[in-house]
Structure formats: C-alpha cells, structure tokens
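Asker: my questions are about this predicted structure, shown below with the sequence.
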Number of protein chains: 2
Amino acid sequence: MSETPLQVIPLGGLGEIGKNMMAFQYGRDVLIVDAGLMFPENDMLGIDYIIPDFRYLSEQSGLRVRGILITHGHEDHTGAIQHVASAFPAPIYATPLTAGLVEVKLRQARLLDRVQLNVFNASDKIDLSPFWIETFHVCHSIPDCVGFGINTPVGLFVHTGDFKFDPTPVDRRVTDYAKLASFSARGVVALFSDSTNADRRGWTPSESVIDAAFDRVFRAAKGRVIVSSFASLISRVQQVVWVSERYGRKIAIIGTSMSENVRMALNLGYLDLPESMLISPEEARHLPPNQVTFIVTGSQGEPSAVLHRLATNNHNMLSIQAGDTVIISAHPIPGNEETVSRTINRLFQRGAQVVYDPIDSVHVSGHASQEEQRLMLNLVQPRNFVPIHGELRHLKAHRELALQVGIPDERIAVVENGTKLFFYPDGRMSIGERVPGGYVFVDGSGVGDVHTGLIREREALGRDGAVVLSAVIERGSGRILGQPEIRSFGFVASAEGAALLQSGTNLARQVLEQSGGSATHKRELVEEALSKLFYSEIRRRPKLFVTIHEV
Amino acid sequence: MSETPLQVIPLGGLGEIGKNMMAFQYGRDVLIVDAGLMFPENDMLGIDYIIPDFRYLSEQSGLRVRGILITHGHEDHTGAIQHVASAFPAPIYATPLTAGLVEVKLRQARLLDRVQLNVFNASDKIDLSPFWIETFHVCHSIPDCVGFGINTPVGLFVHTGDFKFDPTPVDRRVTDYAKLASFSARGVVALFSDSTNADRRGWTPSESVIDAAFDRVFRAAKGRVIVSSFASLISRVQQVVWVSERYGRKIAIIGTSMSENVRMALNLGYLDLPESMLISPEEARHLPPNQVTFIVTGSQGEPSAVLHRLATNNHNMLSIQAGDTVIISAHPIPGNEETVSRTINRLFQRGAQVVYDPIDSVHVSGHASQEEQRLMLNLVQPRNFVPIHGELRHLKAHRELALQVGIPDERIAVVENGTKLFFYPDGRMSIGERVPGGYVFVDGSGVGDVHTGLIREREALGRDGAVVLSAVIERGSGRILGQPEIRSFGFVASAEGAALLQSGTNLARQVLEQSGGSATHKRELVEEALSKLFYSEIRRRPKLFVTIHEV
C-alpha cells in the first residue's frame, strides 16, 4: 500500500465550514462534493451571492477532477454549480430531483450541452476510480437527499450531507441506518457530519408533527388558508395537500419557484396531488373561501416574493382579506428575522390570522439535533471525526458530543475552510496548512472583484448619503466661471436641505475666491470646509465629491 | 360624575406598541408614562435612534402635562427623555436607580437645571391631580422597576411596565402580587400589560437558574473568565460577584457604560460587592488567570464595545488567550443575531471557550411568558384589556390569552401606536381615530427630517456605489474644455475598475461631442450612456452624478 495520504479540504461557506463544497484529493485525482452558494449577510451591501473560493484546486496543474457529487438540491449545495462546472469539466452526479434542479441552473448558464449530468438513486454505487462511492439516503427538508460512503486507497470516509434522523418522514423513507451501521463494521477512517444544530438539545421533531398542527389550523379556519414555505420543501407541499383534501379544499399555487418545483416534483413522482385538486389562482377566486388553499413563496419575507407582496397589498392576483389564515411554515434563516417579523405584523394589520412557530408547530428543522448527532457518531464509529456544515461555534459544540461518545480529542479536527486535512493508510489524521478556501463575492457579473474595502465604501455612502459639488475656475486667474453646482442624495430631505446646500455653495465659492494654489489644493480646502459645515449644522458626515475644473 | 372619558394613547415604538411612551389624558390634564427610544433596524441606514412621535400632544394648546412617570431605566423607556422633557415642562418621577440614569441624560442635554426630577420608591403614592398614582414593584432585567395603578375620575387603570413574575429574583424583591390583587378587589377599568413574550409558552425561568449555570462554568474554567452582559443588568453583575467570590476570583470591569452603572449601583446600594474584590484591569494583569473575572460590555456584538474588540483583537487593555472562558450572558436583541454569531465565532477562533444560551442557561428573558401573563390577568381581573409592549403579532397572541381567561373580545383592544382609546365612567371602552403616533428618526441633530425616501436613496447608494462625472463645455460651440473628470466610490475595485472608468470618460466625451441641445439634455444623454455601459459591462447600477458645466 502506498504512503500517499488522502487530502480533504472544506471550501466555501460564510462562517459555515465545508457547507458549500468539499474536495477529496488522492494524488492528482479529485472528487468534489457539492457546489453551493451562500446568501450575503445584511451588511454585505450590494452582494448578490457568495461562492466558494476554489482557486486552490483550479490553480493546481494536472489535476483530474473525477466527478462532482451533489448531496441534495438546496441552493447552498447546488447554487454555484455553473461556476464549479465551468472551472472543472467533470461529470456531475445527483439523485433525480437534485438533477432536475441542477439542470435548470446549467441551462440558464448555457452549460447544459457541455456538462455530463448523471442521475443516480440512493444506494447506487458510483465508480470514479480511485474513488468508489456508496450512496445512502438521508432525511432532510427536501426529498432525495443522500450522504456518501467514499472508498479510497486510504480507506473508507463517510460524508453525511445535511441530515436528520426523522423516524416518521412524510415520504416514509427513513435515513439509511443499516448502511451507516455497515460502514462501522468495515472501519471508517473519518466521518464528516452536519453540525448545523449542534447547540440544540434532544432530537429534532419529525416532519409528521406538522400534520397535527396543520389539522388544528385548518379545522379552525373559516376562510381561505394561505401557506408559505420554502419552494424546495416538497414534503411540506404534500402535507398541505393531505390536510386540504381532508377539509375539502382545492389547491392554487402562486410564485414562480413554487410552481416550478411542484411541477418538477409531480413529473418525477415525488408529490401525490390529484390533478382535480390543483386549480389556477383565477379558478380559486370563484370558489367559496373555505374551499381554497393557496401555497405561496416568500416565507423569508423576501421583497419580491408573494408573501411580502400580500403583506404590502401589492400582488396582482391575491389580496389579504379578513378571515384569511396565513401559515408561515418555515423558520427565518439567520439574518432574515427582522423582515419575517415585519411581514407577519403587516399580515396581521391586513386582518389575517397568522400562524407561525412558536404559535403552533407548523415548521421543524431539517437538521439533526444533539441526540441524532450522537447517534450518527455511534452508528458510524469513525476513527477520526471532522464536524462540518456549521459555524465555528457549532463545530465546537459538535466536538463536545464526539468527546462524550468516546472519540479522543486528537482524532477530532475542528478546522476552518481552506484547511488541508491529511489521512494516512494507517488511519492517522494530520492537519495541514491553510490555503485560500473562504468565499468569493458575486456582484452583477463581477466574480471576486468586490472586497471588504469596497463594501466599507458602500457603507459610508449608505450611512449619511452623498453631496456632489463641482466648479470651474479659470486657469491662471483662479476666477470662478459660471456657478458651482451642488447636489445631494440620501443626505437631507429636499425641503429642509435646500438652505443648507445653498450655504454649501456659498461657502465653496468663498473658499475658491480666497484660496490660492493648485486646483487639487483648492478641492481639498472646499471638501474640508463643506465637511465642517455639514457636521456643525446637522451632525452628519455625507461622502463628499468635490471636483474643481481648471479651464 | 362627569361624562368626560379618560383618553389613552400609546405612542412611539417601531413595530412595538406603546413601548416607549403612553399618554393618559383627562380633559386638559395629561399624564405621560415613559419616554423611551428605539434602535433602528438594520435597513434604516444612518439613523442614530428613533423617538416617539408626540406631535398629537405637543400640538394641542392649553394642555397641562402633570407629570412624566418612568417605569424603569432601560433606554427604550428613558432614552427620549431629553426630547420629551424639552417639549413638556413637567416634573419627572422615577425610582432611585432609574432617576440616576435619567439624571445622566438630562445633564448631557443641559436640561438638568430646567427639569424637576423627583425620586420615589415602589409602593409610594404620587398625587398629580386629577391623577393619583399607586406605584408597585415588578421584576424585570434591571433593578427598581415599577408598574402603576393610575386612579382617575373615570376609575382605576393598571400599567404593568415591563415585568416578569420571578419567584426567586436575585435581589429577593418579588413582583408585588398583593398590590395587584388588591387592585382587582377595587375594580380595574383597564389593564395595560407587557406582551413581549406572548408567543412563549410556560413561565420565563427565574434569574436564579443562572447561578447554577455560572457555577458549572466557573468550576470548569481553568483560565480567566470574561462575562459580557447588558450594562444595566445589575443583578447579573451581582451573580458574577457571588460566583467569583466562591471560586476565589477578583473582579475587573472594562467598558464605560458597565463601569458607570456599577459605580451608580454601588453608590445607591443595589450591588453587594466588597471593595477588596474590585480591582483595575491593570491589577488583573498581575494575577494568575484563574483568580480573575472580567465583566465587560458588548454582549450585542456592537463594534465599539469591549467584546467585539476582544473578538477582533483590537482592545488596548485585554486580549483573548487560550484558556479564557467567555460567557455571553445576554440574548441577541432582534436584528443583532448576525453580529452576535460572528462575535462568538471570532472568540472561538482566538482560542476562547465561549458559553452562551443555549450551550448553557447563562441568560434568561426579563419578560413574562404566557403563564405569567395569564396570572397577571387573573390577579388584576380588569374590565377591559389592552396588550402593550410588543409587536402586533405579540399583541394578537396576548389577546388569545385574555380570551382564555374569560375577557370578552369586545373588551380587548389590540391597537397600534397613535390610536385613541376612550374609557367612560360606566366602564365602557371605545376605540377612536388614529393620530400621528408612530416614530421619528433622529439622525445627527436632525429630528424627523429623515423619511423613508431618504433611506431609499441611501440604500441605492449602498447597493452598487456611486460614479461621479463632470465636464465643462463652451457655451455656444458646445466644445469640451479640459478633461471630463470621473471618480467612483464603492462601485468597482480600483485595479479592475480603472479601464472601465476610462471607457466611461471616453464615452462621455463622445456623447458630448456628438449631441446638441442644452447642457441639461446633454447631461441626461451622458447619464443614460454611462448607465448602459456599466450594466452591460459588469451588471451593476451605481448611482450616477453627472454635471455638465457650461461656461
């Protein structure tokens, strides 16, 4: 047996480690797991989304990427596929629903005819020598999720993907306990396991608790019921279908992503929804309110999605009326708390009854809590343990659980994105250097050009607005030609601000008349004077743009 | 008995109703309860803070404000006192600690010699005819909190302030059950009660559960312990003192507001901290790590406070070292979740062990949960019920609890800020019109001039930055004089952007050379051309400021 180690690098994420992409490298052969994006935090102004920094891979010459495996269809695992597929011309492997979602992205990026997209089913095996992958089903909050047993020349590695151990999932497909246990019998070099809920005690409730909550809400509802959830949460749509059927309601779907996902799930057989039950929003209008359920997008309060438009009475097909019941069947993603709260309050204002967790159990997490994480560790019994999919604090909490089930501290690696991990044939793990493996901002068509400095500039502009002043002086004499022009934006309201801006123009004129030196020097004097004026008058510091033309 | 109704108006808040200020009006006599501020939400760019809109009161002529009563010393109940005291020259009433905090604000605003600040103790009575107020102690997350029984010509009203029913509070002063029960015997026209936690089941844990959590953490800590909490949470400081004493640690305090509050609490006798235990940060440096506890500001991840500076290794007195234990004894205030998470992750990165709820119970809420809210309703047995201090969704949830304890729907008023409520001598309540009673943005020294439009402008600037171009043309000929000048800020990184900005200048020159018409017309053409160029090149839409001087 050679002494070449297997090298693993978690990539991507925004705080979260290995969430979006991981690379397994043996010699010059590489296996990529996931190709996801992250959404920007509130203070990352103007950023559209964030992709993993995979320069470490793309800059190595002679690398052979054998395949790109996708664990499931969520954006944080698929959303960077066009960037990754462009950089590495390797076949992509995904389960049917995941492949359907990835196909849409490849088509949009005009990559579909250049990329080989292979569909597999959980329990299938994939040969990508020197890697040989055993796939297994896991429960999560979208159908068709898998984890991977990755056989390498160095031994067997297990990657859980995002998972929970739901004993009664909506689609009746439980996480593959038997396969996980069989791995342990063969010996697992390392387990890479989802840490998202590592600070939550107990066991994440089953999807089926939602049936009871939906039943309570639908039984009490006298008017229309409007359910908002994640468009990818097909099992939730199934639960809405079941309860609607029970209470004699038809289903209308509003929102592009929800309609598309439901259509795809129907085509692929992931959704049991009789054709007669599905009606158009227009047909719904002609039914009595207590015979209609709407399923809509926007559970995160996103400004362009349906729920926010309903909350602000700004949707062309539907408006909230007294007697409506709105169910928000989702939790706010961290950072969205404010917008979700505001949306709920506005829906109440319009007369709806709004039901959300904790008012009733209309949503559960898709990630394992501590007892499930301990169970995963005990089923797989890995020699080494690498917590992934979580912020550093979640990884640290997951480490505590691993210590409790008896994994020694020196066999646990809590590392950040870009840190190389080496696994040797004798089962040893060592932690290597850290390479660029963080994240890359995407803004418009610019990938990676926006850095922190530019974000700080945007913040400065956003804080107190901008004032633009330009003037023309005669070369030589320094005489002011024409009128200095001043404009402001986001600085003061026009009514109150007119006098202040006029003072600014007068002051600029005065400074220009009294000062000598170069145009640059004069510009600096004018900026300084304006800055002082605005701060003393109104205690604000707008960004100043002063231009002095010399002609 | 006259037929004049008592009129009550909740004011202020940001989503939250009656949180910051309420007015009780009988004829021309007015009683104000609280004068607080709200902190801006993440998307209210550049706003320093928000105060209640009390124009409805200040614009009524001949009004006699009899007094301003403060329930407790938190910013959201005291932080607008300088604005309210300036508008209404009335005596202020507060308990000793609250008065101490208010005094600081009045001094800073140079109002101290113009305002009469009266100190009372819980259970004291205050005569502000036609109002006669019975004060009573409530538990919350700062000492010296009160609620008010407000006797009026129309009957008795009860205002809870912020409260919880802690059976074992740190200062041993429980909420005044007896007084609340005695109100019910006399008949209460209406109860105004804190709704903050109306969607939380059960009973908010007692402050005393924190003792056990602190004990666990301190027993395990081998190095220094650094506790961060709200500066006003004096009882938490007391708990840190107790556990530090038990484990032979001295206490050093870092952070202005924490130091000031501790000093004030010591002077007023609210804190039991032996002089020998309190040491300076400098002295702490010379003690073994396991003999020191630091108490610091910054539990919300505020950039200028101590904890964030420790997380970013940017504090002049202290830096995190391996072996440190950091306790975050606070929950993130809604909107601060991201900054708190980031701070925790960075502290872990620097090698600290970080303990926060839910890792251990190192913080509890200061507000009543559902069982306590039901208890309050049952103790007071009001004829009418007005949920306050919460977003609309919390008020709606609180209404459900009131229905459960038997208050009929028509006697419950869920209203928004600025809605007039009328109470008649026969006990009837009616809901009147809505007056301006929302909130007012304070930005710098501007009070109320920043409106939504200006915030939208700031957002536009923050999203893709700004590009400023100015040029000079000769009047008549239209010939370009000198060079058009272009600058950008927050738009593209300077290295990558130089060529793009040069293209912009060239394009502007070309448009100016080829177009006729007025300078205004030319400006519009240049703006349009630049906008198209930048969008097609990089898919961004910076805010454009184009100026064409004609000389």
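Answerer: Received the coordinates, thanks. Computed from a prediction, not measured in an experiment: that's the story for all the values here.

Asker: where does the residue of chain A positioned farthest from its centre fall, phi/psi-wise?
Answerer: Distance from the C-alpha centroid of chain A, by Cα atoms, centre = their mean, peaks at A:S477 (59.3 Å). Main-chain torsions, A:S477, degrees, to the nearest 10: phi -80, psi -30.

Asker: gap between it and chain B?
Answerer: According to Cβ to the nearest Cβ, to the nearest Å, A:S477 and chain B sit 13 Å apart. (C-beta placed from N, C-alpha, C; glycine too.)

Asker: do the same with A:D409
Answerer: 14 Å.

Asker: and what of A:I68?
Answerer: Applying Cβ to the nearest Cβ, the value for A:I68 to chain B is 26 Å.

Asker: quick one: secondary structure of the residue in the stretch 101-250 of chain A positioned nearest to chain B?
Answerer: Proximity of the stretch 101-250 of chain A to chain B (Cβ to the nearest Cβ) peaks at A:D199, 5.3 Å away. With DSSP: H, G, I helix; E, B strand; the rest coil as the basis, A:D199 sits in coil.

Asker: pLDDT weak spots in chain A?
Answerer: A:1-2, A:13-14 (pLDDT under 70).

Asker: longest strand in it, by residue count?
Answerer: strand A:480-489 (DSSP state E).

Asker: rewinding a little: correct me if wrong: the residue of the stretch 101-250 of chain A closest to chain B contacts A:R399.
Answerer: No: contact between A:D199 and A:R399 fails when scored by Cβ atoms under 8 Å: they sit 11.8 Å apart.

Asker: so the longest strand of chain A, near chain B or not?
Answerer: Yes: in terms of Cβ under 8 Å from any Cβ of the partner chain, part of strand A:480-489 sits within range of chain B, namely A:481-482, A:485, A:487, A:489.

Asker: sec struct for the nearest residue to A:F88 once chain neighbours are set aside, please.
Answerer: Closest residue to A:F88 apart from its sequence neighbours, by Cβ to Cβ, 6 or more residues apart in numbering or on different chains: A:V65 at 4.2 Å. Assigned with three-state DSSP, A:V65 falls in the strand class.

Asker: and A:V65, what are its bridge partners?
Answerer: A:V30 (DSSP bridges).

Asker: against chain B, how distant is it?
Answerer: As judged by Cβ to the nearest Cβ, A:V65 and chain B stand 28 Å apart.

Asker: next up, the contacts around the residue of the stretch 101-250 of chain A closest to chain B.
Answerer: A:393-394, A:397, B:358-359 (Cβ atoms under 8 Å, 6 or more residues apart in numbering or on different chains).

Asker: let's see that with 10 Å instead.
Answerer: By Cβ atoms under 10 Å, 6 or more residues apart in numbering or on different chains, A:D199 lies in contact with A:369-370, A:390-391, A:393-394, A:396-398, A:400, B:356-359.

Asker: hey, where'd the helices end up in the stretch 251-400 of chain A?
Answerer: Taking DSSP state H, counting those that start in this stretch, the helices of the stretch 251-400 of chain A run over residues A:256-267, A:281-285, A:306-311, A:337-349, A:370-380, A:392-404.

Asker: B:A90 is nearest to which of the ones you listed?
Answerer: helix A:337-349 (32.4 Å; Cβ to Cβ).

Asker: between the closest one and helix B:392-404, how big is the angle?
Answerer: Our comparison of helix A:337-349 with helix B:392-404, counting by axes from the mean of the first three to the mean of the last three Cα atoms, to 10 degrees, yields an angle of 50 degrees.

Asker: what ranges does the stretch 101-250 of chain A have for its strands?
Answerer: A:117-119, A:125-128, A:131-138, A:145-152, A:155-159, A:188-194, A:225-228, A:250-254 (DSSP state E, counting those that start in this stretch).

Asker: with the stretch 351-500 of chain A instead?
Answerer: A:353-356, A:382-388, A:419-423, A:429-434, A:439-443, A:446-447, A:466-473, A:480-489.

Asker: my guess is A:S257 contacts A:S299. True?
Answerer: No: assessed by Cβ atoms under 10 Å, A:S257 is found out of contact with A:S299, at 11.3 Å.

Asker: between these two, which one's more packed in?
Answerer: The neighbour count for A:S257 versus A:S299, taken as other Cβ atoms under 10 Å in any protein chain shown, is higher for A:S299 (28 against 14).

Asker: tell me which residues of stretch A:468-484 are tucked away?
Answerer: Within stretch A:468-484, the residues scored as buried using 16 or more other Cβ atoms under 10 Å in any protein chain shown are A:468-473, A:478, A:480-481, A:484.

Asker: quick one: end-to-end distance for that stretch.
Answerer: End-to-end span of stretch A:468-484 (Cα to Cα, to the nearest Å): 10 Å.

Asker: okay, domains of chain A per the record?
Answerer: Using automatic domain parsing, the domain parsing of chain A gives A:6-202+A:365-447, A:209-356, A:461-550.

Asker: how long is the first one end to end?
Answerer: When the termini of domain A:6-202+A:365-447 are compared using Cα to Cα, they are 30 Å apart.

Asker: quick one: it to chain centroid distance?
Answerer: 15 Å (Cα atoms, centre = their mean, to the nearest Å).

Asker: show me what from the stretch 201-350 of chain A comes close to chain B.
Answerer: A:201, A:332, A:334-339, A:341-342, A:344-349 (Cβ under 10 Å from any Cβ of the partner chain).

Asker: are any of those buried, and if so which?
Answerer: Using 16+ other Cβ under 10 Å, the buried ones in these are A:332, A:335-339, A:341-342, A:344-348.

Asker: out of these, what pair is the most spread apart?
Answerer: Going by Cβ to Cβ, the pair spanning these furthest: A:G335 and A:F348, at 22.7 Å.

Asker: where do the helices sit along the stretch 1-150 of chain A?
Answerer: A:55-58, A:75-78, A:81-87, A:96-108.

Asker: so is the first one next to chain B?
Answerer: What it means is helix A:55-58. No: contact of helix A:55-58 with chain B is not found when judged by Cβ under 10 Å from any Cβ; the minimum separation is 16.2 Å.

Asker: hang on, the earlier thing: the residue of the stretch 101-250 of chain A closest to chain B: what's its closest spatial neighbour, skipping adjacent residues?
Answerer: A:D199's closest residue in space is A:A397 (Cβ to Cβ, 6+ apart), at 4.8 Å.

Asker: overlap in contacts of A:S257 and A:S299?
Answerer: Here A:S257 and A:S299 have A:230-231, A:305-306 as joint contacts, going by Cβ under 10 Å, 6+ apart.

Asker: including neighbour count, could those residues go into a markdown table?
Answerer: Shown next, in a markdown table, are these (neighbours: other Cβ atoms under 10 Å in any protein chain shown):
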| residue | neighbour count |
| --- | --- |
| A:F230 | 24 |
| A:A231 | 24 |
| A:A305 | 23 |
| A:V306 | 25 |
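
Asker: for A:S341, give me its contacts.
Answerer: For A:S341, the contact set (Cβ under 10 Å, 6+ apart) comprises A:301, A:332, A:356, B:15, B:41, B:334-335, B:391-394.

Asker: from A:P143, how far off is it?
Answerer: 30 Å (Cβ to Cβ, to the nearest Å).
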